[in-house]
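Participant: I would like the atomic coordinates for the input below:
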Amino acid sequence: MISYHASPERSPEEEIKKQNESISHIEYAQQLIDAMPCLGAILNENRQIVYANKALLNLIGLNSAEKALGMRPGELICCKHAKDMPGGCGTAKECRYCGAVNTILKTQKNQKAEVGECLVTSVNNGKSAAFEFEVTCTPFVLNEKESYTILALTDISSKKRKEMLEQTFLHNIHDITGNLQGLSNLFKRADEEGKLEKLTDILSLVGNSLNDEIFSYRQLLDAESDTLSLNLEKTTAYDMIFNTIRLIEYNARLNNKEVVMKPPFPHINLSTDVTILQRILFNMLKNALEASPFQPVFVGYYEDSGYLTFWVQNQTLIPENVQARIFQRSFSTRGDSRGTGTYGMKLLTERYLKGKVNFESSKEQGTVFRVILPLETVMSPNEFT
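Facilitator: Modelled structure (predicted):
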């Protein structure tokens, strides 16, 4: 079988049973592994589970450890990439960047304890969930010939989410105060008749954005817990794009970068939560500008078959390892625990605005992000996938 990363080889069922029996004969083995305060399993040389604790089985809703035998960790927790390749967990392209399989492989190679972190999107019975685990792997040899790895997964989702939300909140507030700083400098030079009125309008817009950003800290928490309510308003596609560009233009850190709004500009009415959509578009445009320091960024929109598509394009290619993780919670290319930008875009768009977020990235066209919305928004959230 083809593998893009770890070995696809598996131990036969009879061998898995023998390995399970060998471990079962260790005195107090079951009591010790069940006493672990984290998700625990024992893996053989082919990364297959030969022993699992109750905490791990309960996470997936299994009442029998036998059903887990022979599976790999990603298969048991229903990682969305576990079935991408015939070889299963660890063999897909995306697995090259998985903290769990890489920590396991490192432990098997070096025969010493290793620690890593793993971000997982799990899809089980059509429902999606995001997990952040600290991965601890410890090798041990049984009967002087059987090599195993003790796998411990500690749920650090709450810790990562708290860091992520706090850092994102502070970062976005910094962006908006940058808007205010840029405007204050313009006010000092606003000695032409009629110019102050225009700047006052923009100042009001930025002030509203600051208020919305403070509100967004709670909003993202509500979105993840399915308690967020929509406030539907009538607006136009052009106004959404135009107001987003105005916010960018008066951001002190981004106002030296070029944004080009590409025609045509058809008049398209839509009913949506303007605050949520504004945040999605702002993050999409801001990310494109931050990733493209020297070239213009293009934005636009169009309607097709009852769906409205907003798009943003820059000339920067996203590296393959980043593409594989772009929508994972807590993942950030900037390494500062932010990691809510693209994840938040996807969560808010797909769960609450009934739309889709996708992207394409290549050397030829650069990177294009799209937010695709039905022109009539439905109130109840759908599944986030």
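
Participant: Could you give the number of residues near residue 41?
Facilitator: 26 (other CB atoms under 10 Å). Glycine gets a C-beta too; all of them are placed from N, C-alpha and C.

Participant: Check which helix or strand it maps to.
Facilitator: strand 39-43 (DSSP states H and E).

Participant: C-alpha coordinates for stretch 58-70, PDB please?
Facilitator: This file holds the C-alpha atoms of stretch 58-70, laid out as PDB (Å, rounded to 0.1, in the frame of the first residue of the first chain):
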ATOM      1  CA  ASN A  58     -15.500   6.400  26.600                       C
ATOM      2  CA  LEU A  59     -14.500   9.300  24.400                       C
ATOM      3  CA  ILE A  60     -15.600   7.300  21.300                       C
ATOM      4  CA  GLY A  61     -18.500   5.600  23.000                       C
ATOM      5  CA  LEU A  62     -17.100   2.100  23.000                       C
ATOM      6  CA  ASN A  63     -18.100  -0.300  25.700                       C
ATOM      7  CA  SER A  64     -15.600  -3.000  24.800                       C
ATOM      8  CA  ALA A  65     -11.900  -2.800  24.500                       C
ATOM      9  CA  GLU A  66     -11.900  -5.600  21.900                       C
ATOM     10  CA  LYS A  67     -13.400  -3.200  19.300                       C
ATOM     11  CA  ALA A  68     -10.400  -0.900  19.600                       C
ATOM     12  CA  LEU A  69      -7.800  -3.700  19.100                       C
ATOM     13  CA  GLY A  70      -5.800  -3.400  15.900                       C
END
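
Participant: what about residue 133, which SS state?
Facilitator: Recorded secondary structure, residue 133: strand (DSSP: H, G, I helix; E, B strand; the rest coil).

Participant: Then residue 233?
Facilitator: Residue 233 ends up strand, using three-state DSSP.

Participant: Please name the bridge partners of it.
Facilitator: residue 272 (DSSP bridges).

Participant: hang on, it packs against residue 270?
Facilitator: No: with contact defined as CB atoms under 8 Å, residue 233 does not reach residue 270; the gap is 9.4 Å.

Participant: which of these two has more neighbours?
Facilitator: Shown here are residue 233 and residue 270; by other CB under 10 Å, residue 270 has more neighbours (22 against 12).

Participant: Quick check: the more buried one vs residue 26, distance?
Facilitator: Distance, residue 270 to residue 26, by CB to CB, to the nearest Å: 63 Å.

Participant: Next: residue 369.
Facilitator: Residue 369 is 52 Å from residue 26, by CB to CB.

Participant: ditto for residue 40
Facilitator: Here the criterion is CB to CB. By it, residue 40 lies 14 Å from residue 26.

Participant: Between those two, point out the one with more neighbours.
Facilitator: Neighbour tally, residue 40 and residue 26, criterion other CB under 10 Å: the higher count belongs to residue 40, 22 against 12.

Participant: Look at the closest residue to that one other than its chain neighbours and report its pLDDT.
Facilitator: In this structure, residue 40 finds its nearest non-sequential neighbour in residue 53, 4.1 Å apart by CB to CB, 6 or more residues apart in numbering. At residue 53, the pLDDT value in this model is 91.

Participant: Equivalent analysis for residue 201, please.
Facilitator: According to the prediction, residue 201 has pLDDT 67.

Participant: how far away is the most centrally placed residue in the chain from residue 346?
Facilitator: Centroid-nearest residue in the chain: residue 328, 2.1 Å away (criterion: CA atoms, centre = their mean). Here the criterion is CB to CB. By it, residue 328 lies 10 Å from residue 346.

Participant: Show me the shaky parts of this protein.
Facilitator: 161-221, 224-225, 250-255, 329-340, 376-385 (pLDDT under 70).

Participant: All the strands of the stretch 201-350 of the chain, in order from the start?
Facilitator: Using DSSP state E, counting those that start in this stretch, the strands of the stretch 201-350 of the chain run over residues 232-236, 259-261, 269-273, 297-304, 307-314.

Participant: What segments of the stretch 151-300 of the chain are helices?
Facilitator: Secondary structure of the stretch 151-300 of the chain (DSSP state H, counting those that start in this stretch): helices at 157-188, 195-224, 237-249, 274-290.

Participant: quick check: angle from the last one to strand 297-304?
Facilitator: For the pair helix 274-290 and strand 297-304, the angle between their directions (axes from the mean of the first three to the mean of the last three CA atoms, to 10 degrees) equals 140 degrees.

Participant: do the same with the shortest one
Facilitator: Counting by the same axes, to 10 degrees, helix 237-249 lies at 170 degrees to strand 297-304.

Participant: buried ones in helix 237-249?
Facilitator: 237, 240-241, 243-248 (16 or more other CB atoms under 10 Å).

Participant: Residue 359: which element?
Facilitator: Per DSSP H and E: strand 356-362 holds residue 359.

Participant: other SSEs contacting that strand?
Facilitator: When contacts are defined as 3 or more CB pairs under 8 Å, 6 or more residues apart in numbering; DSSP states H and E, strand 356-362 sits against helix 341-347, strand 366-374.

Participant: returning to that earlier point: parallel or antiparallel, which strands does the strand holding residue 41 pair with?
Facilitator: strand 49-52 (antiparallel), strand 146-155 (antiparallel).

Participant: CSV please, covering those strands and showing distance to residue 295 and mean neighbour count.
Facilitator: Below are these laid out as CSV (distance: least, CB to CB, whole Å; neighbours: other CB atoms under 10 Å):
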stretch, distance to residue 295, mean neighbour count
strand 49-52, 49, 25
strand 146-155, 41, 19
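
Participant: Can you lay out the ones you listed as TSV showing distance to residue 140?
Facilitator: Below are the strands paired with strand 39-43 laid out as TSV (distance: least, CB to CB, whole Å):
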stretch	distance to residue 140
strand 49-52	12
strand 146-155	6
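
Participant: Any idea which of these gets closest to residue 34?
Facilitator: Nearest to residue 34 among the strands paired with strand 39-43 is strand 49-52 (9.7 Å), distances taken as CB to CB.
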